[in-house]
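Asker: Fold the following, please.
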Amino acid sequence: MEIPMKSRRRFLATSLAAGVLAVHRSTFAHGNAEHADKAASDTPKEQQQWGIAGDAKAVSRAIAIVMTDEMRFVPDRIEVRLGETIRFTHENRGAVMHEMVVGTPKTLAEHAEMMQRFPEMEHDEPWMSHVAPGGRGEMIWHFNRAGEFQFACLIPGHFQAGMIGTIKVG
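Answerer: The predicted structure follows:
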């Protein structure tokens, strides 16, 4: 399935901006700094191949995800019913920053490659949760598309070390 042109343009624009900003900024989004929290209303909802940002009032269940420095998620396989809105709660039990990013295998691999080239790239989308060492986070996602998707930590080296999980929506 092809990525919509709007998403590709945003991805390319973000990548270019990240490269320019990396030269001018001394802060690192994926060091041990947390990403700024944004109110849900600050981010327009945009349909993705793997679903759309969910509303807290529509949450049907919560799934706890543990992130470790062994470069693993626990659990690493999740089954979701089509139409469910899930509150993912994240606990980083490690000593380094971790994140959970939901997407297709292709979009995650492409983003991981971009993060390798631009590790200072800042990004904050509703399908991402960044969790500082010893910290907690959450993400609310509505699964309105059937299929098999993935979640991964895209911090440079983590994805490559196998920090990937599977979400089956049926």
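Asker: so what's the residue nearest to Thr166 when sequence neighbours are not counted up against?
Answerer: Using Cβ to Cβ, 6 or more residues apart in numbering and skipping the chain neighbours, the partner closest in space to Thr166 is Arg77 (5.1 Å). All C-beta atoms are positioned from the backbone trio N, CA, C, and that covers glycine. Counting by Cβ atoms under 8 Å, 6 or more residues apart in numbering, Arg77 makes contact with 165-166, 168.
Asker: beta partners for the residue positioned nearest the centre of the chain?
Answerer: Within the chain, the residue whose C-alpha comes closest to the C-alpha centroid is Val101; the distance, by Cα atoms, centre = their mean, is 1.8 Å. Assessed by DSSP bridges, Val101 has beta-bridge partners Met128, Ala152.
Asker: and what of Asn92?
Answerer: According to DSSP bridges, beta-bridge pairing links Asn92 with Met67.
Asker: can you tell me which residues contact it?
Answerer: Counting by Cβ under 8 Å, 6+ apart, Asn92 has contacts 67, 98, 131-137.
Asker: Among those, pick out the one closest to Gly54, please.
Answerer: Among the contacts of Asn92, Gly137 lies closest to Gly54 (Cβ to Cβ), at 15.0 Å.
Asker: residues near the closest one, how many?
Answerer: Neighbourhood size, Gly137 [other Cβ atoms under 10 Å]: 22.
Asker: That one should be in a helix, yeah?
Answerer: No: assessed with DSSP: H, G, I helix; E, B strand; the rest coil, Gly137 is strand; it does not lie in a helix.
Asker: Before I go, just wanted to say thanks for your time.
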